[in-house]
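Visitor: heads up, no residue letters with this:
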Ligand SMILES: NC(=O)c1ccc[n+]([C@@H]2O[C@H](COP(=O)([O-])OP(=O)(O)OC[C@H]3O[C@@H](n4cnc5c(N)ncnc54)[C@H](O)[C@@H]3O)[C@@H](O)[C@H]2O)c1
Ligand SMILES: CC(C)CCC[C@@H](C)[C@H]1CC[C@H]2[C@@H]3[C@H](O)C=C4C[C@@H](O)CC[C@]4(C)[C@H]3CC[C@]12C
């Protein structure tokens, strides 16, 4: 990002810095970015763990704010050199309305871009998603594809639609003149399914397994590959991109990068068992125990129940037609674009990522007792 004369001069802003990925990005920046002077963490809900960061050499500024409020975003962005925009509503379970998802993910991103332009911030890294590409509504496989693999990206669900629109806004903003006349440099990172310490859905599966007497029942054929990437490596990619964006603006500006590492290609359930297995759970069945048509029926029933119960309570189970289609469609990535463009190598090996995640699940188990 800067030469040695600028050591400890940089101000970074991380939106969504208290989320699952955001917390890892924040901690990674503090460990790996020696040029950092101030780290601003902007989130709707600030975590208590932020307090422990305030005693280090970098000034940590916690900002409670909402990305849908343009003035709050502009105040947080003013004076920052780099913005890492991870804030978003990740909802594929019908917990929030499509309008709210759009407001946070699309309008929130628009506010971040406009704030950069108005205040003169030149570098913007956006956390996009594999879902900008797929799986699409036709359930077509994307088998070890890369950023240039042709694929029909057609969505109906509010979450992927919002991520696709937001990513487009970010990429189109590349080259816009910011206050002071210099061009904005943007790029988007597309993680596949992120796992690691703090992953709420992994926690949900773990608790479900405990409730079922230490068992989970196979629902998806083992042959369906689902792309996964360790949260520490996703965070590391964000840090590297943010650092390299200035020096390699011509190459990296307006580009998209899948987030990848050496995590193995497996089905969603078999992959989860890499962590849940050593914590005492067992996946029952070598083939799905229920036929697909029955799962689809149950998924549709869940949608109906969600709708019927809405006036009384929020019923948002893991299984719905969208999550079933996601889990049941091969979507895996094989690319080296991040290595070629900005020298990315995963910071954590698969063995380390696995060990760290297992330790975290075991700690969840310990704290639940
Ligand atoms: N989890 C995954 O598998 C995955 C995969 C690909 C991409 N992503 C993307 O990564 C980003 C982070 O996802 P995550 O899994 O850490 O989710 P998360 O829900 O744990 O974190 C999102 C953070 O954004 C904050 N936020 C939500 N609405 C906000 C608002 N209006 N104003 C300010 N902050 C707000 C939340 O409080 C939360 O701390 C998202 O943009 C998501 O689309 C996640
Ligand atoms: C059939 C059921 C028993 C299994 C349901 C699994 C389901 C909850 C999982 C499967 C795939 C998961 C998504 C996938 O890993 C990628 C992403 C992209 C990211 O941007 C947000 C999270 C999300 C949608 C995962 C959510 C949980 C899913 C649907």
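Guide: Noted; the coordinates are in hand. This one's a predicted model, so the numbers in the text were calculated from it and none came from an experiment. Ligands and ions are numbered 1, 2, ... in the order given.

Visitor: ok, which residues in the stretch 151-300 of the chain are in contact with ligand 1?
Guide: Contact residues, the stretch 151-300 of the chain versus ligand 1 (C-beta under 6 Å from any ligand atom): 163, 191, 193-194. Placement of C-beta: from N, CA and C, glycine included.

Visitor: in the stretch 51-200 of the chain, which spans are strands?
Guide: Secondary structure of the stretch 51-200 of the chain by DSSP state E, counting those that start in this stretch: the strands cover 59-64, 82-85, 123-127, 142-145, 185-191, 193-195.

Visitor: in its sheet, what does the shortest one sit against?
Guide: Based on DSSP bridges, the strands next to strand 193-195 in the sheet, each with its direction, are strand 228-230 (parallel).

Visitor: One more: the fourth one?
Guide: In its sheet, strand 142-145 lies beside strand 331-333 (parallel), with partners assigned from DSSP bridges.

Visitor: Get me the contact residues on the stretch 251-369 of the chain for ligand 2.
Guide: 268, 318-319, 323-324, 326-327.

Visitor: Need the max-distance pair from these.
Guide: Taking C-beta to C-beta as the measure, those span a maximum distance of 12.2 Å, between 268 and 319.

Visitor: Count the residues that sit near residue 213.
Guide: 8 (other C-beta atoms under 10 Å).

Visitor: Likewise for residue 345?
Guide: 12.

Visitor: And the residue nearest to it when sequence neighbours are not counted, how far from ligand 1?
Guide: With sequence-adjacent residues excluded and distances taken as C-beta to C-beta, 6 or more residues apart in numbering, residue 345 is closest to residue 339, at 6.5 Å. Distance of residue 339 to ligand 1, given as C-beta to the nearest ligand atom, to the nearest Å: 20 Å.

Visitor: want to try CSV for the residues of the stretch 151-300 of the chain next to ligand 1, with distance to ligand 2, neighbour count and pLDDT as columns?
Guide: Converted to CSV, those look like this (distance: C-beta to the nearest ligand atom, whole Å; neighbours: other C-beta atoms under 10 Å; pLDDT from 0 to 100):
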residue, distance to ligand 2, neighbour count, pLDDT
163, 7, 27, 97
191, 7, 26, 98
193, 2, 20, 97
194, 7, 25, 98
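
Visitor: What is the nearest of those to residue 116?
Guide: When those are compared against residue 116 (criterion: C-beta to C-beta), the nearest one is residue 163, at 19.2 Å.

Visitor: quick one, what contacts the nearest residue to the closest one once chain neighbours are set aside?
Guide: Nearest residue to residue 163, sequence neighbours excluded (C-beta to C-beta, 6+ apart): residue 129, at 4.7 Å. Taking C-beta atoms under 8 Å, 6 or more residues apart in numbering as the criterion, residue 129 is in contact with 160, 163, 190-191.

Visitor: Neighbours of whichever residue of the stretch 51-200 of the chain sits closest to ligand 1, how many?
Guide: The minimum distance from the stretch 51-200 of the chain to ligand 1, using C-beta to the nearest ligand atom, falls at residue 88 (2.8 Å). Other residues within reach of residue 88, judged by other C-beta under 10 Å, total 26.

Visitor: so it makes contact with residue 112?
Guide: No. Counting by C-beta atoms under 8 Å, residue 88 does not reach residue 112; the two are 10.9 Å apart.
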